Each structure stands twice: as C-alpha cells, then as structure tokens.
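Trainee: Turn this into a structure:
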Amino acid sequence: MKKLNLKFTDLAGMGTWAMVYGLSLYWLVQTAKGYHSDIPLVTLLFIIYLACFYLVTRDKPILNNKSLISTVLLVQLLSAFALSWILPLSFLPILTIIWASILPHVTSISRSVVITLITIIAWFWLYKFRWQEDVFFSAMLYASFHMFAILMMHHAKAAEKATEEALQLNAELISTRQLLSEATRQNERTRIARDLHDLLGHHLTALTINLQIANHLTQGEAKEKVAQCHSLAKLLMSDVREAVSSLRENNSIDLESMISQLSSHLPNLTVHQSIKADFKLEDIESAKQLLSCIQEAITNTLKHTNATDLWVEILSNNETVRLSIKDNGHLANPIKIGNGLKGMQERVAGINGIIEFGTKNHSLQIDIEVPKLPSTTSILIPDYDSALAVEPQLPQNNKDVN
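Mentor: Numbering: from 1, shown residues only. The predicted structure is shown next:
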C-alpha cells in the first residue's frame, strides 16, 4: 500500500478537529445541563480520533500493514459515532468528512464513495434514533460535503502520483542520457588515442630512426644538432605514448552517480548504494540494463512494499557482476511476476544473465548475476624504446639516405 504524504492536509484536518473539539467543549461547559460528567469521556474520544488520524496520515506511518490501517480507520469512525451518541450536536458529521477524505489514499475511489454513503446513512439514522430529530436536509447537505472531500482528495492523489511518475521518469531519462553521454565521450577518447597511436607514433618512430642514422653520417656541429633533434624526437614519442596510455585507461563508467540521479526525487524512500564493481566502456550494455533493473525495482518498492529504505549492492570479480537489491518493506502476499518483473527478466536474459526474486522477512529481495565481458577497447602500445635500441643498418653511401 502506498504511503501517504499529507503534510498540508494533516494541518487542515487537525485544525478542523481542534475547532470541533473546542465548540463541543464550549457547549458542554457553557450550555449543556447534565452533561458535565461526560467531559472526560468526550475528551478521550476526541483524543482517540486524533491519534487514529495521526497514525494513518503521517509521512512515514507506523502502520505498514493494510489490515492494521483499516482497523485504525474503523476505530476512528467508531469514536466519531460514539461522540454523536453522547452529544446532540448537528455539526459532529464534520468528523466523518475528515475521515472520508482519507479513504482515497487507502482504497479505490469507487469503494471510497460506497463506504462513505453507507457511513452517512448509518450516521443520520443513528442520530435520528438517538435524538428523535428529523435531519434529512442536514443529511443531504453533509453528504455533498463528504463527496466533495472524497473527489478533491482523489484528484489531489492523482496529481501527486502523476508528479511522482514524472519525476521518476525524468530521473531515469537523465541517468540514461548521462550513461550515453559518457559512452560517447569515452568512444571519442578511444578514437583520439588510436589516431595518436596510428599517426604520430609510427611517424615519430620513423623520424627517430632516420635521425639516429643521420647521427652516424654527420660530423662536427651538425652531428651535435642531429643528436639534439634525436633526443627531442624520443622525448616527444615518450610523451605521446603516455598520453595514449592515459586515454586508454580512463574509460570507467560512473554507475554510482547515475543511481544517485535515479533516487534523487523519491517520495519517502531512501536508496543506499554500495558499488564495488568497475564498469568499463565495453560493459555499457550491461550497465544500461542493470540501471533499468534498479529503476524498476525502485518503482515496485514504491508501489507494493511500503518500504522506507532500499539497498543496492553491486559486486564483481573477473568473470561476473552481481547486483543485489533489497528493502525494508512488507509484502503481504507472495511475489507475483507482473509486467515490471517480467521486463527485468527479459533485460537480464538479453545480456546472458540470471535473476532471482524472493523475500527475506517479508521484504523484497532481487539478485542478478551477469557475465563480465572481455575488454574490447584496449589499444596496444608498441615498445618503441626496444625498437629504437636496435642499431640501424647504415646506408652504403649518402644517396641511400632519404
């Protein structure tokens, strides 16, 4: 069941409760005769009503089971009915309006309407039987208030849900864009490294060898200048080799920041991550599919488990990458493989991995294992120094020198 996020409506509900309680207490003290002894009981019933309201509507509810929440809502309603039985006050149905406004957050709109209609009929039949007053017109008026409260909360819930889905989708798009951008950037770095290797590396090698030959064929001041050029060429070739190696080695994918982006706008859910795996450029497809699986797991947690914390752990060795996802929620029923979980299975199968769904202490547990791909983006840097250490064969005469 989805957690409620009713910060502003909480304040409105508590303020309305305080007004109804204050007016009731004023009537008991100033107006009513023979009701003074009921003040402690009335106060207790109002406190029970408020406690039930707080337990159900707080941001991170203590109650994480649907049957418990239903029980608390029933106690809240019964406390309002008990107040109507004790006090002959026509404004007490305001308490059931507050109660009815909670229903769209715990059940469907159709059930909310049916339950509220039954409650209204029961309330005013009870009031008529207890106080022998005809309250038909009041019943019609309060019924319209109840329906208005339900519809307003239903639309507020729908708007909140749409906002949350939009934020999650936006986070997913941003993380995917970041992954693709990083892959593009790494591909460009690899291309530059290969161009440096193929063009500058070979040409500098040829230049250095020719300068080494020229050093043997010259005398005097020219020989010194050629030797200087030879040393500079070797130094430049060493710098090129270091640059190529640096570009080749810096091809990691920052999956941790992408998961942080996915979890940056989640309502009442904290995502903890432990990434102990190094994803390289050749692992981009695996990283993309694992990222999608994490997104789907977060969505399922928000919809079905009522969890407040979710843990993502990624480990790797030379052969495999393991992804473990678990939360602290509560699954009332065994796991049912729906479209979301089927999509995860298809993604993992597409990268030759395996996935297992389970529960631990009634909490969601997902384990994924995928093979680690061999490196395909490395650039082999020849040992130029070894090549240059070989004494070149001198030409027979100056005409052979290019």
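
Trainee: From the contact counts, what lies against the helix or strand containing residue 47?
Mentor: Assignment of secondary structure by DSSP states H and E places residue 47 within helix 39-57. Contacts of helix 39-57 with other secondary structure elements, assessed using 3 or more C-beta pairs under 8 Å, 6 or more residues apart in numbering; DSSP states H and E, are made with helix 7-26, helix 66-86, helix 94-102. For every residue, glycine as well, the C-beta is placed using N, CA and C.

Trainee: What angle do helix 94-102 and it make with each other?
Mentor: Computed with axes from the mean of the first three to the mean of the last three C-alpha atoms, to 10 degrees, the direction of helix 39-57 lies at 10 degrees from that of helix 94-102.

Trainee: Off-centre distance for helix 39-57?
Mentor: Here the centre of mass of C-alpha atoms in helix 39-57, compared against the chain's by C-alpha atoms, centre = their mean, to the nearest Å, lies 36 Å away.

Trainee: Also stretch 38-58?
Mentor: The offset between the C-alpha centroid of stretch 38-58 and the centroid of the whole chain comes to 36 Å, using C-alpha atoms, centre = their mean.

Trainee: With adjacent residues omitted, what lies nearest to residue 86?
Mentor: In space, not counting the residues next to it along the chain, residue 86 is nearest to residue 38; the distance is 5.7 Å by C-beta to C-beta, 6 or more residues apart in numbering.

Trainee: all strands for this protein, in order.
Mentor: With DSSP state E as the definition, the chain shows strands at residue ranges 252-253, 270-276, 279-280, 309-316, 320-327, 354-360, 363-371.

Trainee: about what we covered before: mind listing residues that contact the helix holding residue 47?
Mentor: 4, 6, 9-10, 13-14, 17, 21, 24-25, 28-29, 61-63, 69, 72-73, 75-76, 79-80, 82-83, 86-87, 95, 98-99, 102, 105-106 (C-beta atoms under 8 Å, 6 or more residues apart in numbering).

Trainee: Whichever of those end up buried, select them in ChimeraX.
Mentor: Buried members of the contacts of helix 39-57 can be picked out in ChimeraX with the line below, counting by 16 or more other C-beta atoms under 10 Å:
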select :4,6,9,10,13,17,21,24,28,61,63,69,72,73,76,79,80,82,83,86,87,95,98,99,102,105,106
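
Trainee: that older thread, please identify which of the strands of the chain is closest to residue 297.
Mentor: strand 320-327 (4.6 Å; C-beta to C-beta).

Trainee: packing partners for that closest one?
Mentor: In this structure, strand 320-327 makes packing contacts with helix 284-300, strand 309-316, strand 363-371, judged by 3+ C-beta pairs under 8 Å, 6+ apart.

Trainee: hmm, back to that, what residues sit buried inside the helix holding residue 47?
Mentor: Neighbour-count burial for helix 39-57 flags 42, 45, 46, 48, 49, 50, 52, 53, 55, 56, 57 (criterion: 16+ other C-beta under 10 Å).

Trainee: quick one: pLDDT of residue 23?
Mentor: The predicted structure scores residue 23 at 92 on the pLDDT scale.

Trainee: Tally up the residues packed near residue 302, please.
Mentor: 22 (other C-beta atoms under 10 Å).

Trainee: From residue 181, how far off is it?
Mentor: With distances defined as C-beta to C-beta, to the nearest Å, the gap from residue 302 to residue 181 amounts to 27 Å.

Trainee: got it, and residue 187?
Mentor: 11 Å.

Trainee: again with residue 10
Mentor: Taking C-beta to C-beta as the measure, residue 10 falls 42 Å from residue 181.

Trainee: repeat for residue 80
Mentor: From residue 80 to residue 181 the distance is 57 Å (C-beta to C-beta).

Trainee: these two touch, right, residue 352 and residue 368?
Mentor: No: the pair residue 352 / residue 368 is not scored as a contact, 11.8 Å apart, by C-beta atoms under 8 Å.

Trainee: Comparing those two, which residue is more hemmed in?
Mentor: Neighbours were tallied for residue 352 and for residue 368 using other C-beta under 10 Å; the higher tally belongs to residue 368 (24 against 10).

Trainee: Excluding residues flanking it in the chain, which one is nearest the more buried one?
Mentor: In space, residue 368 comes closest to residue 323 once its chain neighbours are excluded; the distance is 4.2 Å by C-beta to C-beta, 6+ apart.
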